[in-house]
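*Asks:* give me a model of this one.
(chains A and B)
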Amino acid sequence: MPGILPARRFEGWGRMHDRVLKYWLIAPALLVIAGTLLYPLVSGLWYSLHEWKLSDSPALGPFVGLGNYVVAVSDDPDLLNSGRVTLIFTVLSVVCTLSVAMGLAVLLSGNGRLEVNARTLLVIPFAMSPALVGVSWRFLLNPEFGGFSALIGALVPGLKGASFLADPTLAMAALILCDVWHSAPYFMLMFIGALASLPQETVEAAQVDGASRIRLFFEIVLPQLKPVLAIAVLLKIIFSLKVLDQVITLTNGGPGTSTETLAHFIYQTAFRWYDVGYAAATAYLLAACMAVFAAIYFQLITERRPA
Amino acid sequence: MASVELVGVEKRFGSFSALQHLDLSVADGEFLVLLGPSGCGKTTTMRMVAGLEEATAGEILIGGRRVNDALPKDRDVAMVFQNYGLYPHMSVAQNIGYPLKVRGIGGPDREGRVKRAAEKVELGPLLHRKPRELSGGQRQRVALARAIVRTPQVFLMDEPLSNLDAKLRVTMRAEIKHLQHELGVTTIYVTHDQIEAMTLAHRVAVMNGGVIQQLDTPEAIYDRPANLFVAGFIGSPPMNLVPGRIAGGTFQAPGITIAGAFPAAGGDVILGIRSEDVTIAAPGEGSIEGQVYASELTGEAVLVTVSAGGARLIARAPRSFRGGFGSPIALNVDAGKIHLFDEATGRRIAFADRSDGG
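*Replies:* Residues are numbered from 1 along each chain as shown, chains lettered A, B, ... in the order given. I've put the predicted structure just below:
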């Protein structure tokens, strides 16, 4: 009905149409994305097809086709080790982070003063830069003056004075602990939101039907959180696969290569050994891995939820 | 099966008092309906019996046992929720069987009881479906089946029919009544629909503002409303209420004069008369003279709204009634069916020579 169209229309800039204007308005954002995302993606792919050792020459070396990729998948025990480390880290950090996050969410989903304040406090770790988190935990885990080290020593006598970052297994545990501490709050908030949107009647019905608290959680609440849980798992997998900052500041991949994750391996290859071509190729392999999970993730969040 | 007793129960939410000193006792096997407008405390009362809400003061007894501190699961009650509260990730059979499952009843015993409960509410062929694949009426039946799958001490039903369409509501109403009769389980049923209350209940507790206004059989509540609130809440259309004065045994209001066996010293009162106790007369031949304000055909009768003086009254006329807007009309009231309420307190005034309950 033309009669009810608003009388005032945007008349600025002469005869420019709304249809054109909208593209101008998003152009700056598109430019930033192209510069920071698209350009590195394309140039990275180009570098990965070349040999380029910065220690030899600052100029791009000869074209080697898929040579870097062939070496990576067939003949590199160090990369294989990093893949194994990343797999262990990812599986354990996903399971631990989400379990802790779910536990916290159930504990803190109420609206009492204690719960609200505790929630606010718990967001702080997530707000910290991951590199800083690594540095903090390096101090906390110091066997001589670390607070956490002392606490663990008091709780588990066997670990009294243990040098967490010097033992391969303990270093991995420390890395996972630090990651859980950093990322669990984010997923806790996600789960608190999901818990709040749960139909309260199903919970009350189960209470009246006679379910204990444990049954209520595992048989009524958890199954209804499945869609959110699936998204959280995928998101955490993606986060864990690319873990780098904490690795650099906490363990720097050590001791030996026991905590050298793929991202750390790539970083070392490029900026310590200056083998940029090979680093680009392995980075592409990691990106391909993550793309699989990202694709499933987008599938999940865009699909229409059943009523 | 058991009786339910609430003794001096109060409920406060912060500074808001939802229930003030409620005394209520429901006999074993009785069907009691809590009726009232939203916010009157009826749902809170039921939720306290279920254990989903804690009583601020007072005692709640089920089968003579004090349950104030018992968890819902330990009260041995079954509840049907307004939005059914079905478990969306479970099939119909799993939903119905859940109360048995948590009690460790499994195998063929559970299967058999689920089947029998489902058959009672005619859900037999739908047992493998998920709740989202069911219609509103079918979901309601699943909720009912889940409540009857074991024999609890008390059934609690929180506006179970309010999400159904009008036609289905009438069918389900009869089914619930039949089921309750068959099972004989003490039932507390919450509704704001006075027809549901009248049709289902052995006794109705009419509530308003956190207080029980009247607790009696549907007949008594309809025939002898205890106060103005109950009089206006029960019946469709609601009772005609006309403020006026009794002097010399006659009720007088602008344009209305009704002679009857009224108490001599009446003073300011409100006269109540139901539409079916008002008859239409030719102009000049009634105790109330007025004009037709509107007439509505309901199917079996015509509801005629008449403006007389400052008041408007509704009379139920035979369906043959014809009267245009504004045409003069007179009304007579059945003197034996008149209700009187104190203007100041709203309370019912009993007066002599009246066959109450007629």
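*Asks:* for the residue lying closest to B:Asn163 once chain neighbours are set aside, give me the pLDDT.
*Replies:* Leaving aside its chain neighbours, B:Asn163 sits nearest to B:Gly136 (5.8 Å; criterion: CB to CB, 6 or more residues apart in numbering or on different chains). C-betas here are computed from N, CA, C, even on glycine. At B:Gly136, the pLDDT value in this model is 87.
*Asks:* correct me, but B:Gly136 touches B:Leu161?
*Replies:* No - judged on CB atoms under 8 Å, B:Gly136 makes no contact with B:Leu161 at a distance of 10.0 Å.
*Asks:* measure stretch A:192-204 end to end?
*Replies:* 18 Å (CA to CA, to the nearest Å).
*Asks:* how far out from the middle of the chain is that stretch?
*Replies:* Offset of stretch A:192-204 from its chain centre (CA atoms, centre = their mean, to the nearest Å): 27 Å.
*Asks:* which other helices and strands does the lowest-mean-pLDDT helix or strand in chain A contact?
*Replies:* Every helix and strand in chain A was compared by mean pLDDT, DSSP states H and E; the lowest is helix A:147-155, with a mean of 82. In terms of contacts (3 or more CB pairs under 8 Å, 6 or more residues apart in numbering or on different chains; DSSP states H and E), helix A:147-155 is packed against helix A:130-140.
*Asks:* so, low pLDDT: which residues of the stretch 151-300 of chain A?
*Replies:* Within the stretch 151-300 of chain A, no range satisfies pLDDT under 70.
*Asks:* how about 90 then?
*Replies:* Scanning the stretch 151-300 of chain A for pLDDT under 90 picks out A:151-170, A:174, A:227, A:242-244, A:246, A:250-258, A:262, A:268-277, A:289, A:297-300.
*Asks:* for chain B, give the residue positioned nearest to chain A.
*Replies:* The minimum distance from chain B to chain A, using CB to the nearest CB, falls at B:Gly85 (3.4 Å).
*Asks:* mind checking how far that residue is from A:Pro227?
*Replies:* 20 Å (CB to CB, to the nearest Å).
*Asks:* more neighbours: which of the two?
*Replies:* Using other CB atoms under 10 Å in any protein chain shown, the more surrounded residue of B:Gly85 and A:Pro227 is B:Gly85, with 24 against 14.
*Asks:* can you pull the contacts of that one?
*Replies:* By CB atoms under 8 Å, 6 or more residues apart in numbering or on different chains, B:Gly85 lies in contact with A:Pro199, A:Glu201, A:Thr202, A:Glu204, A:Ala205, B:Met79, B:Ala143.
*Asks:* re earlier: what comes up buried for the next helix or strand after the least confident helix or strand of chain A?
*Replies:* Proceeding N to C from helix A:147-155, the next assigned helix or strand is helix A:168-196, under DSSP states H and E. Going by neighbour count (16 or more other CB atoms under 10 Å in any protein chain shown), the buried part of helix A:168-196 is A:170-172, A:174-192, A:194-195.
*Asks:* repeat that for stretch A:157-170.
*Replies:* A:Ala162, A:Phe164, A:Leu165, A:Leu170.
*Asks:* how close does the second one get to A:Leu175?
*Replies:* In this view, A:Phe164 and A:Leu175 are 10 Å apart by CB to CB.
*Asks:* kindly report the same for the third one.
*Replies:* Here the distance between A:Leu165 and A:Leu175 works out to 9 Å (CB to CB).
*Asks:* and for those two, which residues touch both?
*Replies:* Contacts common to A:Leu165 and A:Leu175, judged by CB under 8 Å, 6+ apart, are A:Leu250, A:Thr251.
*Asks:* contacting residues around the residue sitting nearest the centre point of chain A?
*Replies:* With distances taken as CA atoms, centre = their mean, A:Phe239 lies nearest the centre of chain A, 1.6 Å away. A:Phe239 makes contacts with A:Ser183, as judged by CB under 8 Å, 6+ apart.
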